[in-house]
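Participant: Next one to model:
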Amino acid sequence: MRKVVLTELLSLDGVAEDPSTFFFDWDEVVDAHGAAIIATQDAVILGRHSYDQWSEFWPGSEIEPFATFINEVPKYVATSTPLERHWHNATAIEGGLAQFVQDLKKSDGGDIGVHASISVAQALLAADAIDEVRLTVAPAIAGGGRRLLDGLPPIRLELLRSVTSPSGYLLADYRISR
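Facilitator: Coordinates of the predicted model:
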């Protein structure tokens, strides 16, 4: 069975919204961590807001290896309305998100990534549909914005790996304990 891997960029105070306001000074360890995560993924789940922003930015981006990955990978979008902007390999999810993800997990393939979409991440965590959580925590306090873990039920995690990058980013990978 495939794994669903939630990947989020957070500030030290847990904010996931608009990471460009608190992520600076990428280093080679952070880049390698991100590249290792996407190397195992062959499908991505996005929320509508992230889809609208990313479908505008990533097709013209040269930020590698993520640009090539996200532009080519099948993208499944949680939305209640048709996708207005075309993006290669993007499909709107029909029906319930959690059931769609559970069905996708049963199909053949690599890991299924959940990137950036806070409401999708929260819904899938609450539905017990996430298998691993991979966090990159910036050495910065955002001071405001939507937090990834607000409003969730208790969830037990098992640390798989943690590393601090030369720039002070904490890279922490967890498995959901069931």
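Participant: quick one, what contacts residue 50?
Facilitator: Applying CB atoms under 8 Å, 6 or more residues apart in numbering to residue 50 gives the contacts 115-117, 120. Every C-beta, even on glycine, is put in place using the N, C-alpha and C of the backbone.
Participant: so how far is residue 167 from it?
Facilitator: In this view, residue 50 and residue 167 are 25 Å apart by CB to CB, to the nearest Å.
Participant: do residue 59 as well
Facilitator: From residue 59 to residue 167 the distance is 28 Å (CB to CB).
Participant: now residue 23
Facilitator: The value you get for residue 23 to residue 167, if CB to CB is used, is 10 Å.
Participant: neighbour count winner among these two?
Facilitator: residue 23 (17 against 14; other CB atoms under 10 Å).
Participant: neighbours around residue 37, how many?
Facilitator: Residue 37 has 21 nearby residues by other CB under 10 Å.
Participant: A strand includes it, no?
Facilitator: No. Counting by DSSP: H, G, I helix; E, B strand; the rest coil, residue 37 is not part of a strand but helix.
Participant: How about the contacts made by it?
Facilitator: Listed by CB under 8 Å, 6+ apart, the contact set of residue 37 reads 5, 7, 113, 134.
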